[in-house]
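S.K.: just to be clear, the model below is a prediction. Sequence and coordinates:
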Amino acid sequence: MCMAKTALVVDDVAFARKMIVEILISAKYSVLAEASNGAEAIALYKKYKPDFVTMDVVMPKLTGIEATRRILDEDKEAKIIMISALGHEQILMEAVNAGVRDFIIKPFSPEDLIMAVEKALAISEEDSASRHGAAYGNV
């Protein structure tokens, strides 16, 4: 039996975290923890090592972009999906340069979020397969 992929949900707005958690749980992901700022996100990532992170951009103490950089400094394989109401090109470029796997603009549909998660996880599995010489689809 395949274990559910695990998530860390990071957003300073409790309602936004609740909505993201509900979407992920309904799609059979396991939410290990929630953080309300970038500093908490880093600590909880180190503690739980989730399969992926959803990360808001604008937060107190440490922005999502800075938290993303610090998490990726610790774990180059971290899969971070940036979620923000700010869709400015400059922020998008900063997020991409920081190493996020995808960028979703609020408001978003549950399908948008699940598609971004599946894409981030699939890219990770493809990378892993190519590194380990595994062949998928062969019976």
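M.R.: Done, it's in.
S.K.: helices of this structure, start to end?
M.R.: For the chain, the helices defined by DSSP state H cover 14-26, 38-48, 64-74, 89-98, 110-132.
S.K.: mind giving me the packing neighbours of the third one?
M.R.: To tie it back to what came earlier, the one meant is helix 64-74. helix 38-48, strand 52-56, strand 80-84, helix 89-98 (3 or more C-beta pairs under 8 Å, 6 or more residues apart in numbering; DSSP states H and E). Where you see a C-beta, it was placed from the backbone N, CA and C, and this is true even at glycine.
S.K.: the same query, at a cut-off of 6 Å, please.
M.R.: Applying 3 or more C-beta pairs under 6 Å, 6 or more residues apart in numbering; DSSP states H and E, we find helix 64-74 packed against helix 38-48, strand 52-56, helix 89-98.
S.K.: what does the second one give?
M.R.: Secondary structure elements in contact with helix 38-48, counted by 3+ C-beta pairs under 6 Å, 6+ apart, are strand 6-10, strand 30-35, helix 64-74.
S.K.: give me the contacts around the last one.
M.R.: Residues from elsewhere that reach helix 64-74 (C-beta atoms under 6 Å, 6 or more residues apart in numbering): 38, 41-42, 45, 55-57, 78, 80, 94-95, 98-100.
S.K.: returning to what we had before: buried deepest among the helices and strands packed on helix 64-74, which one?
M.R.: Counting by mean count of other C-beta atoms under 10 Å, strand 52-56 has the highest mean neighbour count of these, with a mean of 27.
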